[in-house]
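Asker: sharing a model that was predicted from the sequence below.
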There are 4 protein chains.
Amino acid sequence: MPTILGQNQYGKAENRVVKITRDGATHHIKDLNVSVSLSGDMDDVHYSGSNTNVLPTDTTKNTVYAFAKEHGVDSAEQFGIHLARHFVTSQEPIHRARIRIEEYAWERIDAPGSEGEHSFVRRGQETRLAQITYDGSSWEVVSGLRDLVVMNSTDSEFWGYVKDKYTTLKEAYDRILATEVSARWRYNWTGDAQDMPDWDTSYEQTKRHLLHAFAETYSLSLQQTLYQMGTRIIDHREEIDEVRFSLPNKHHFLVDLEPFGLKNDTADGAVYYAADRPYGLIEGTVLRDGCEARIPADLTNL
Amino acid sequence: MPTILGQNQYGKAENRVVKITRDGATHHIKDLNVSVSLSGDMDDVHYSGSNTNVLPTDTTKNTVYAFAKEHGVDSAEQFGIHLARHFVTSQEPIHRARIRIEEYAWERIDAPGSEGEHSFVRRGQETRLAQITYDGSSWEVVSGLRDLVVMNSTDSEFWGYVKDKYTTLKEAYDRILATEVSARWRYNWTGDAQDMPDWDTSYEQTKRHLLHAFAETYSLSLQQTLYQMGTRIIDHREEIDEVRFSLPNKHHFLVDLEPFGLKNDTADGAVYYAADRPYGLIEGTVLRDGCEARIPADLTNL
Amino acid sequence: MPTILGQNQYGKAENRVVKITRDGATHHIKDLNVSVSLSGDMDDVHYSGSNTNVLPTDTTKNTVYAFAKEHGVDSAEQFGIHLARHFVTSQEPIHRARIRIEEYAWERIDAPGSEGEHSFVRRGQETRLAQITYDGSSWEVVSGLRDLVVMNSTDSEFWGYVKDKYTTLKEAYDRILATEVSARWRYNWTGDAQDMPDWDTSYEQTKRHLLHAFAETYSLSLQQTLYQMGTRIIDHREEIDEVRFSLPNKHHFLVDLEPFGLKNDTADGAVYYAADRPYGLIEGTVLRDGCEARIPADLTNL
Amino acid sequence: MPTILGQNQYGKAENRVVKITRDGATHHIKDLNVSVSLSGDMDDVHYSGSNTNVLPTDTTKNTVYAFAKEHGVDSAEQFGIHLARHFVTSQEPIHRARIRIEEYAWERIDAPGSEGEHSFVRRGQETRLAQITYDGSSWEVVSGLRDLVVMNSTDSEFWGYVKDKYTTLKEAYDRILATEVSARWRYNWTGDAQDMPDWDTSYEQTKRHLLHAFAETYSLSLQQTLYQMGTRIIDHREEIDEVRFSLPNKHHFLVDLEPFGLKNDTADGAVYYAADRPYGLIEGTVLRDGCEARIPADLTNL
């Protein structure tokens, strides 16, 4: 046979699970999008189509919904840990399970005439992410977020760069710095139930540090801001060893209004054109000193 | 000639304008997407390609950016009124101008180590909408929002409906009611500068009434909720005569867990499958008694 | 009561139906996305939540699938006519039905080792559209397409336009003209079964005329090209009385390469930057002389 | 310092380049979306914001456009090779360049009254992909495609799978098999100009083999089809050593029409519901025997 099978995985992607918990008249929501990916002893199904070792993707979907009822959804990470453990320990041919979860946040509608606490509006800001991988012995939890759009309307410069024959850019001493943050952070948790982080608190604090570092950094380059955001997180969150960012530079170009006799000066409240494409794309990993990089470069750069 | 020209319009769509205003170290953002659409004496350009009456779409773009500097952006509606008046009054062949604006909201990042107030995170919830039309004599302002996702996790029923030979749906006495609100409301303002509504206040209050009516309505049908939302707005906002809604029913189906020996009961905190397609789509207009419907049915139902 | 109910409609949107027909080993596909919208005697469901007159949207979904089996899918238009007639004639409170259909085209994979004709690849070009409206007495059929991207790499000019104080655009004597055609055409068919157009043939020919007119028009403005496309269709297709277009001008800007010592001249094979936003948006209706415009302006301009 | 910098890269993403070549009255188009990503000696810009080693992303954009004029665009791969070599060899701090290109295909409009060959309609089927990486000594070219939607309306079964307590799926002996192919293939070309593949021919043939293998495989699982597609490519294209697929199972569920007294049998032309989410996701690599897997698993599974 001139060809062989390489790495492979399968499962049911994007199971949309909403779990309501009632605490008297007060309801709580967990709104998740859960993707299951399994790998193991799967040569036969590829070579001959024999499904002897294949747990159907439909079954993995059923398991997601049943587990939401049986175990509840304490946090996205905890829910993923339950699922990953189940697939690897209950199915001999499955050697590795990877659970990816997106979570959508809701906030309460505070309506005076509402009799209970069961009305919500979707928050709509960032999407929270979690990825749990288990191979029967070791755990890896990578959490993160995407679609968090931030802007500093000043305190950003860009100058002193390389100039070659294709360089036409003017140096900037007061520009808008805006980006849509996509971040992933890796926990150093190794599977010990005693040591498990409080995932929801960790998420909230990590997001807070990221936002504060963005706001507080006087920036000479988006790379510098990236590094400050990563450092801030690792300094304050001992449960995290690695942070990877993908930061599209959402360019806001000062519009040339001189043809119309107008001065468009940043110091005086300026008008910008928010461009779509192309965009600068800055990506990088920040590591706790002595730790290994394990978040794939490609996780963020597609 | 066997064919003739019917209604037509042209302009530059989706001009992305960001206006920063500086109040000392405190900055303010207006983040707009402005579309200009003009019509008038345009037969020649269609019949022969003569551009004698055509103000280039590129010029309408330049005007948008120049006006953001010259006049500032007090509100989306006010900005649209400036633009519409300009095109109709400055260009004889232009008889009607329609300005459509999307507005994206930002909130401040409250970072302890930040020295000024110039850091923002995009709110990410609904998109605010405004449409201003002027034909040289009368004004029409229609504002609105889209992408506002809301949910009641109880206090919704659906029963007593028509049953024909294709009906299989079971009646529901406790279901999730969720929708993604798209709404447009028409102001009765007729162009008098003295009477101009405070557009930003009107928007905030209208959104608040809409959310409260959604939360406070014990719902027997999504149509009932629609009507309550419209009525609440018209009752409380005398500047508004008409509200039109497009409400996709974002179905959350109770998952059948009986095959796994689990009872999935709404009273006890249930697990739902959030479906994509198909979806119910409920659309309707609510009018102040005695007023005419003018928001096109098709404005909301595409 | 200070408010009243205006125009309203409801139904199930985006029912994804795939119908396979087997002719021996040769299979045929119809791949549709069907949206049902009903209106009629619906005051009660809005005012009090009484569903006495409401055929559930779930039932309309079931009807779509059942009709695909019972009646087959000869064409999107024919299928919509069956459905619209059914809802209006079988349910007394329903006075009007509007069926909207998107159709996705597939072509055969011509594989030498395949034993039958049951393998397909999605064509992926334009999406075909149909809208059938019936109110118990009169019919209206509007068909169309969207997402058809076309380009002339020469034979387009733009000059002789109005210049005001905000005009900076240079005149162009050889430019790229590209657009993404969205078109709707209205049939003059009035419901007589004898006179029914061959819908599939009509669609193919209309698309062909539209493309040919685009290619053959030496264009001085996109409006001129729009009018030529509409005229060509009405001249050749007697079953069509009205065509409405929405044509975003997909700008391709000549890149300024002079800073790098390069001449970027259209005559010599040029390099263009394909821009996203903003874009010119040209919309208009072409009518058979003596006919009335009935396609809503807003059908195409959102 | 408690943190260190890990892997990082930067550049300008999504430069939309259209290159027209004129051969008398016959024009040719290359329509590309080019993303540049550079890495190297970039510690300072992250630690201190010093841009001394940073070639601006704006310059990389200019270079893309200038190279399209200077060198032309023979194929996406060839264009990417020029660019990657330029950045690594002209800038000492840049140690690695990765160029990613999407290509959109156009076909001619064959209009009888057109005087030249300069009118095109976008093909709209798959998007062609190329990724070229160069580190100063070794080259890696990975090409591919995405959005190629294929369907077999029969000759697919699924049975004999594992059944656990969460399994409810019925076995299927005649089902639709449909997927949206995302594929990447790695060339064994090592940079020798003599041995360079004819990239456009290689692409067309690889796509053809993929489609034929899909059509000709009587499938017992989507994994089997995946493996057959990979094997077919490697068997016929000696320039390719590795193929990686990501195949979402686009489920088409047989609709239960029994409640309406209708038999919905595959043998007799059936009606299916085309589902959106969740979906099975099958991913895997096929390798030439003896070759190493180098396409990252994450390239295809996001």
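Answerer: Perfect, I can see it now. Residues are numbered from 1 along each chain as shown, chains lettered A, B, ... in the order given.

Asker: so, in contact with chain D or not, the helix or strand containing A:Arg232?
Answerer: Per DSSP states H and E: A:Arg232 is located in helix A:222-236. Yes: residues of helix A:222-236 are located near chain D by Cβ under 8 Å from any Cβ of the partner chain, namely A:223-224, A:226-227, A:230-231, A:234-235. The way it works is simple: take the backbone N, C-alpha and C, and place the C-beta from them, glycine included.

Asker: tell me where the stretch 151-300 of chain A has helices.
Answerer: A:199-216, A:222-236 (DSSP state H, counting those that start in this stretch).

Asker: make TSV out of the ones you listed and add mean pLDDT, mean neighbour count and distance to chain B.
Answerer: Below are those laid out as TSV (pLDDT from 0 to 100; neighbours: other Cβ atoms under 10 Å in any protein chain shown; distance: least, Cβ to the nearest Cβ, whole Å):
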stretch	mean pLDDT	mean neighbour count	distance to chain B
helix A:199-216	98	20	3
helix A:222-236	98	24	10
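
Asker: show me what the helix holding A:Arg232 is in contact with.
Answerer: Contacting residues not belonging to helix A:222-236 are listed as A:177, A:179, A:181, A:183, A:185, A:205-206, A:209-210, A:212-214, A:216-217, A:219, A:240-241, A:243, A:245, A:247, A:249, A:280, A:282, A:284-288, D:2-3, D:5, D:8, D:10, D:42, D:45-49, D:54 [Cβ atoms under 8 Å, 6 or more residues apart in numbering or on different chains].

Asker: ok, back up a step: of all the helices of the stretch 151-300 of chain A, which lies closest to B:Gly113?
Answerer: When the helices of the stretch 151-300 of chain A are compared by Cβ to Cβ, helix A:199-216 sits nearest B:Gly113, at 4.1 Å.

Asker: output the contacting helices and strands for that closest one.
Answerer: Contact here means 3 or more Cβ pairs under 8 Å, 6 or more residues apart in numbering or on different chains; DSSP states H and E; on that basis helix A:199-216 packs against helix A:76-90, strand A:139-152, strand A:177-187, helix A:222-236, strand B:119-122.

Asker: count of neighbours near A:Gly11?
Answerer: Each residue near A:Gly11 was counted by other Cβ atoms under 10 Å in any protein chain shown, and the total is 26.

Asker: that one is in contact with D:Gly280, isn't it?
Answerer: Yes: at 7.4 Å, A:Gly11 and D:Gly280 qualify as touching, with contact defined as Cβ atoms under 8 Å.

Asker: now for those two: what residues contact both?
Answerer: Common neighbours of A:Gly11 and D:Gly280 (Cβ under 8 Å, 6+ apart) are A:Thr57.

Asker: so who does A:Ile282 touch?
Answerer: A:179, A:222-223, A:226, A:245-249, D:10.

Asker: so it bridges to which residues?
Answerer: Bridge pairing for A:Ile282 (DSSP bridges) gives the partners A:Leu247, D:Tyr10.

Asker: quick one: it from C:Ser202, how far?
Answerer: According to Cβ to Cβ, to the nearest Å, A:Ile282 stands 53 Å off from C:Ser202.

Asker: do the same with A:Gln224
Answerer: Distance from A:Gln224 to C:Ser202, by Cβ to Cβ: 62 Å.

Asker: who touches the residue nearest to A:Glu180 when sequence neighbours are not counted in this structure?
Answerer: Ranked by Cβ to Cβ, 6 or more residues apart in numbering or on different chains and with sequence neighbours excluded, the top spatial neighbour of A:Glu180 is A:Val149, at 4.8 Å. Each residue near A:Val149 by Cβ under 8 Å, 6+ apart is listed here: A:178-181, A:250, B:121-122, B:124.

Asker: near chain C, which residues of chain A?
Answerer: A:165-166, A:168, A:259-260, A:276-277.

Asker: just among the residues you listed, which is most surrounded?
Answerer: Each of the residues of chain A next to chain C was scored for neighbours by other Cβ under 10 Å, and A:Tyr166 scores highest at 23 neighbours.

Asker: phi, psi for it please.
Answerer: For A:Tyr166, the backbone dihedrals (degrees, to the nearest 10) come out as phi -100, psi 10.

Asker: wait, isn't it in contact with D:Pro56?
Answerer: No: the criterion here is Cβ under 8 Å, and A:Tyr166 misses it with D:Pro56 at 9.5 Å.

Asker: ok, the residues of helix A:222-236 next to chain D vs C:Gln78, which is closest?
Answerer: Closest to C:Gln78, out of all of the residues of helix A:222-236 next to chain D and judged by Cβ to Cβ, is A:Leu226, at 57.9 Å.

Asker: any idea how far B:Val121 is from the residue of chain A found nearest chain C?
Answerer: Per Cβ to the nearest Cβ, A:Asp276 is where chain A lies closest to chain C, at 4.3 Å. Between A:Asp276 and B:Val121 the computed distance is 20 Å (Cβ to Cβ).
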